[in-house]
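**Student:** next one to model:
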Amino acid sequence: MSRITKGVVICFALIGVCSLGQWVGNTSQPSVAQVPERPQRRRPGLFRDLQLSRQQRREIRAIRQKYGPQTRAKAQLLRQTRNELKAMIAGEAPEADVRAQFQSLEALTQETLNLRFENMMAIRKVLTPDQRQQLEQKLAERRRRRQRRLNPEG
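**Tutor:** Numbering: from 1, shown residues only. From the prediction side, this is the model:
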């Protein structure tokens, strides 16, 4: 795996940890409007073995508080835009309108990825190189378990 590809994979893994919710591309989940807001889920153990100092925990908590509401709002808007696009494709909407909606979806997707990237970079600054490596190993294992769960035959 190239250095850039590995960096992107690590980036997205950390983004997933820090983004406070499910991947916005998962359309099988009900929209935020259909589900009452629930308290933020903690992922026990992810940072537990990293031996974070109190200061690191405070800084990470502040980063999550800063980016969490923005990320959740973008994710909700992204789901809504995706659902509208699906309805337009299935319906009688003019091609130009469908293309415009797709452009909106692409722009929102990029904005969401940018927010997640900034969140990840802020947390990255807080962690030591050893902590980053340990976190990546935990995230890689989580990805493997998720992949096995989503694709049990593969």
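**Student:** any low-confidence regions in the protein?
**Tutor:** Residues of the chain that meet the criterion pLDDT under 70 lie in 1-45, 154.
**Student:** run through the helices of it in chain order.
**Tutor:** 3-18, 54-90, 95-126, 129-150 (DSSP state H).
**Student:** is it possible to get TSV of the ones you listed that adds distance to Leu46 and mean neighbour count?
**Tutor:** Where C-beta positions appear, they are placed from N, C-alpha and C, glycine not excepted. What follows is the helices of the chain, written out as TSV (distance: least, CB to CB, whole Å; neighbours: other CB atoms under 10 Å):
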stretch	distance to Leu46	mean neighbour count
helix 3-18	6	16
helix 54-90	11	15
helix 95-126	11	15
helix 129-150	6	13
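**Student:** closest one to Arg48 among the ones you listed?
**Tutor:** helix 129-150 (9.5 Å; CB to CB).
**Student:** what helices or strands is that closest one leaning on?
**Tutor:** Secondary structure elements in contact with helix 129-150, counted by 3 or more CB pairs under 8 Å, 6 or more residues apart in numbering; DSSP states H and E, are helix 3-18.
**Student:** got the contact list for stretch 99-113?
**Tutor:** Outside stretch 99-113, the residues within contact range by CB atoms under 8 Å, 6 or more residues apart in numbering are 15, 24, 71, 74-75, 77-78, 81-82, 84-85, 88, 93.
**Student:** switch to 7 Å and redo it
**Tutor:** Applying CB atoms under 7 Å, 6 or more residues apart in numbering, the set of residues contacting stretch 99-113 from outside is 24, 74-75, 77-78, 81-82, 84-85, 88.
**Student:** any chance of those residues in TSV, plus distance to Arg132?
**Tutor:** Converted to TSV, the contacts of stretch 99-113 look like this (distance: CB to CB, whole Å):
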residue	distance to Arg132
Val24	25
Lys74	25
Ala75	25
Leu77	31
Leu78	28
Thr81	33
Arg82	32
Glu84	39
Leu85	37
Met88	42
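**Student:** circling back: how about the helices of the chain in CSV, adding distance to Phe47?
**Tutor:** Shown next, in CSV, are the helices of the chain (distance: least, CB to CB, whole Å):
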stretch, distance to Phe47
helix 3-18, 9
helix 54-90, 7
helix 95-126, 10
helix 129-150, 7
